[in-house]
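> Just a sequence and a predicted model for now, questions to come.
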Amino acid sequence: MTRRPGSGARRVAVALAVLVAAALPARTGATAEDRVAVFAAASLTAALTAVLARHADPEGARAVPVFAASSTLARQIAAGAPADLFLSAHPAWLDYLAAHERIDPTSRVDLLGNRLALIAPRDAPLDLVIGPGFALGRALGDGRLAIADPAHVPAGIYGRAALVALGAWHGVAARLAPAADVRGALALVERGAAPAGIVYESDARASRRVALVGLFPAASHPPIRYPLAMVAGRDRPASRRLYDFLQGAEAAAIFSAHGFSHVQ
């Protein structure tokens, strides 16, 4: 039997309801039915914003994105937050919502793929080749490795798996600068607060303030997949139209331009 989210989670869900409602079009008669709330991983911020800007709903429904760590969003959806679609950066959080009967399992699809990247500040790049036994700990000097929380956040989970597989985790495990999400890890490196960080390739290529040190071997971590699903009970015409658009050729081209691969 699945455990119900606690009162704290419910308070967060209520706060999200207010946030999404505030994003509704400011026009007379606007209601929740005029919008489709898309909860999406923080790493999708730029790409999904660009995709949604190209979605012209024939009935005038507005897409309202809410970006955060996939783990945070999944817990909010489980607690009743008003999401219509969920685009996660890790399949585990779709599994979590399926266990809580909060997604429509028939709507689940692997939409996007990504790569894992090591970055450094652009004005202080690292000369480091990623591979078995690579000296990441030594390259950090007296600094720390920026990474999304490796206990809960997908980018951090993938990053830890890659470092373990390459034999580099032991040298950096006590020297992490964990962030709430992958964009937080990126920001630490952009500001020069960390000499290196692990983010997605799409994040690395989107920032002009970081240098791409290299990509982690695909075999060093589980495949990075972004699954999409409809939230249970939210299969309305407007949400179905956006769900279909996200899987179409126009959206795929925009995602590709932002460094994502399309796995449909």
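The structure has been received and is ready for your questions. Residues are numbered from 1 along each chain as shown.
> what ranges do the helices span in the stretch 151-264 of the chain?
154-165, 169-172, 182-190, 201-206, 237-246, 249-257 (DSSP state H, counting those that start in this stretch).
> Including distance to residue 67, could those helices go into JSON lines?
Heads up, the C-betas are built off the backbone N, CA and C, glycines and all. JSON lines is the format used below for the helices of the stretch 151-264 of the chain (distance: least, C-beta to C-beta, whole Å):
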{"stretch": "helix 154-165", "distance to residue 67": "13"}
{"stretch": "helix 169-172", "distance to residue 67": "27"}
{"stretch": "helix 182-190", "distance to residue 67": "8"}
{"stretch": "helix 201-206", "distance to residue 67": "13"}
{"stretch": "helix 237-246", "distance to residue 67": "15"}
{"stretch": "helix 249-257", "distance to residue 67": "15"}
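> Need those in a markdown table (columns: mean pLDDT).
Shown next, in a markdown table, are the helices of the stretch 151-264 of the chain (pLDDT from 0 to 100):
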| stretch | mean pLDDT |
| --- | --- |
| helix 154-165 | 97 |
| helix 169-172 | 97 |
| helix 182-190 | 97 |
| helix 201-206 | 94 |
| helix 237-246 | 97 |
| helix 249-257 | 97 |
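> nearest to residue 87, of the ones you listed?
Proximity to residue 87, assessed across the helices of the stretch 151-264 of the chain by C-beta to C-beta, is greatest for helix 237-246 (7.5 Å).
> Now do that closest one: which elements does it pack against?
strand 35-41, strand 85-87, strand 225-230 (3 or more C-beta pairs under 8 Å, 6 or more residues apart in numbering; DSSP states H and E).
> In a markdown table, list those strands along with distance to residue 99.
As requested, the helices and strands packed on helix 237-246 are exported to a markdown table (distance: least, C-beta to C-beta, whole Å):
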| stretch | distance to residue 99 |
| --- | --- |
| strand 35-41 | 17 |
| strand 85-87 | 14 |
| strand 225-230 | 13 |
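> could those be laid out in a markdown table, adding mean neighbour count, mean pLDDT and distance to residue 247?
A markdown table is the format used below for the helices and strands packed on helix 237-246 (neighbours: other C-beta atoms under 10 Å; pLDDT from 0 to 100; distance: least, C-beta to C-beta, whole Å):
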| stretch | mean neighbour count | mean pLDDT | distance to residue 247 |
| --- | --- | --- | --- |
| strand 35-41 | 26 | 97 | 13 |
| strand 85-87 | 25 | 98 | 11 |
| strand 225-230 | 22 | 98 | 8 |
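> doesn't residue 147 fall inside a strand?
Yes. Counting by DSSP: H, G, I helix; E, B strand; the rest coil, one finds residue 147 located in a strand.
> What is the burial count for it?
28 (other C-beta atoms under 10 Å).
> what's near enough to touch it?
155-156, 159-160, 176-179, 185, 197-198 (C-beta atoms under 8 Å, 6 or more residues apart in numbering).
> rerun at 7 Å
Shown in contact with residue 147 (C-beta atoms under 7 Å, 6 or more residues apart in numbering): 156, 159, 176, 178, 185, 197-198.
> Equivalent analysis for residue 186, please.
197, 199, 203, 207, 210.
> Recalculate using a threshold of 10 Å.
Listed by C-beta atoms under 10 Å, 6 or more residues apart in numbering, the contact set of residue 186 reads 42-43, 117, 119, 146, 148, 155, 179, 197-200, 203-204, 206-207, 209-210.
> Show me which of those residues are buried.
Buried subset of the contacts of residue 186 (neighbour count, 16 or more other C-beta atoms under 10 Å): 42-43, 117, 119, 146, 148, 155, 179, 197-200, 203-204, 206-207, 210.
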